[in-house]
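Q: based on what follows, work out the 3D shape:
(chains A and B)
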Amino acid sequence: MLFFRSEELIDEWCRTRGVTPRPIVRMDQLWQLAVTWYSTRLEAESRRPAPNEMRSIFEGIGLAGDFWDPTADAFA
Amino acid sequence: MSLDLSRANDFDTVVKLALYGITAESGRIPAIDAAADRVRATPAAVKEAYLRLRARRLLWLEADSVTVRMAPPFSGVPTQHHVMVDGIEYYANCAWDALGIPAALHRPGLVRSRCEQSLAPLELNVGLEGPEPSPWLFHCLVPAAKWWDDLVFT
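A: I've put the predicted structure just below:
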């Protein structure tokens, strides 16, 4: 889970490693993920989102498909 | 930062809050002895709690099961993702967690990292409402279903 300055640099990074580029996430989307995962992490009642919650969180910020599905077996 | 341990209703939660509290105060994930001192328990009891917290995917342990490598979003080892909050420097596990540290602490912060291809430095101010406008991007190679297979690689 890395930062890149541009989409072209992501493509270059993937090409040099022979790996498939994955969906790209903008900073505003990443902030939504950070808040959802961690804003209660230092509290007693915090927990990780369950798989069905994860799917709806991702879809809510425009991240859909098997890549973002924690129960998908498409990458097994 | 002081966390209210009296609200924790089980030992695992007490341990988790102590671990996160020390990390938030110091910027470093504590050794098991320091966590045990904080909760007034033995290191062996804290180790058992660590293993249960690992099973709940709240911690990532080293092979010795007593060293916390990741208490997300905090990293127990130095990484390229530095986050400065209120004069304390933290290490994040990944780009996602770099934004997660200001989110977890509910404080503004400065993220310092890099572009993994060009190695250009990133400096990103993160306020209470999120990061300043930025064209930088986040890329994750590992699909969500595989993240916890090897969290260090992810």
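Q: buried stuff in stretch B:115-122?
A: Residues of stretch B:115-122 classed as buried: B:Cys115, B:Glu116, B:Gln117, B:Leu122 (neighbour count, 16 or more other CB atoms under 10 Å in any protein chain shown). (Each C-beta comes from the backbone N, C-alpha and C, glycine too.)
Q: out of the residues you listed, who's nearest B:Ala98?
A: B:Leu122 (8.9 Å; CB to CB).
Q: residues in contact with that closest one?
A: The contact partners of B:Leu122, by CB atoms under 8 Å, 6 or more residues apart in numbering or on different chains, come to A:Phe3, A:Arg5, B:Val111, B:Arg112, B:Ser113, B:Arg114, B:Cys115, B:Trp136.
Q: which of the buried residues of stretch B:115-122 lies closest to B:Pro30?
A: Distance to B:Pro30, by CB to CB, is smallest for B:Leu122 among the buried residues of stretch B:115-122, at 28.3 Å.
Q: next, that closest one: phi, psi?
A: Note on B:Leu122: its backbone torsions stand at phi -110, psi 130 [degrees, to the nearest 10].
Q: do you know how far the spatially most central residue of chain A is from A:Leu2?
A: Nearest to the geometric centre of chain A sits A:Trp68, at 6.5 Å (CA atoms, centre = their mean). Between A:Trp68 and A:Leu2 the distance, using CB to CB, to the nearest Å, works out to 17 Å.
Q: what about the strand or helix carrying B:Thr13, distance to the chain center?
A: Secondary structure here is read from DSSP states H and E; on that basis B:Thr13 sits in helix B:11-26. Once both centres are worked out by CA atoms, centre = their mean, to the nearest Å, helix B:11-26 turns out to sit 11 Å from its chain's centre.
Q: could you export it as PDB, CA atoms only?
A: The C-alpha trace of helix B:11-26 is given here as PDB (Å, rounded to 0.1, in the frame of the first residue of the first chain):
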ATOM      1  CA  PHE B  11      -8.600  -7.900  29.800                       C
ATOM      2  CA  ASP B  12      -7.900  -8.000  26.000                       C
ATOM      3  CA  THR B  13      -9.400  -4.500  25.700                       C
ATOM      4  CA  VAL B  14      -7.300  -3.300  28.600                       C
ATOM      5  CA  VAL B  15      -4.200  -4.600  27.000                       C
ATOM      6  CA  LYS B  16      -5.100  -3.100  23.600                       C
ATOM      7  CA  LEU B  17      -5.800   0.300  25.100                       C
ATOM      8  CA  ALA B  18      -2.600   0.200  27.100                       C
ATOM      9  CA  LEU B  19      -0.600  -0.700  24.000                       C
ATOM     10  CA  TYR B  20      -2.200   2.000  21.900                       C
ATOM     11  CA  GLY B  21      -2.000   4.500  24.800                       C
ATOM     12  CA  ILE B  22       1.800   4.100  25.200                       C
ATOM     13  CA  THR B  23       2.200   4.200  21.400                       C
ATOM     14  CA  ALA B  24       0.200   7.400  21.100                       C
ATOM     15  CA  GLU B  25       2.200   9.000  24.000                       C
ATOM     16  CA  SER B  26       5.600   8.000  22.800                       C
END
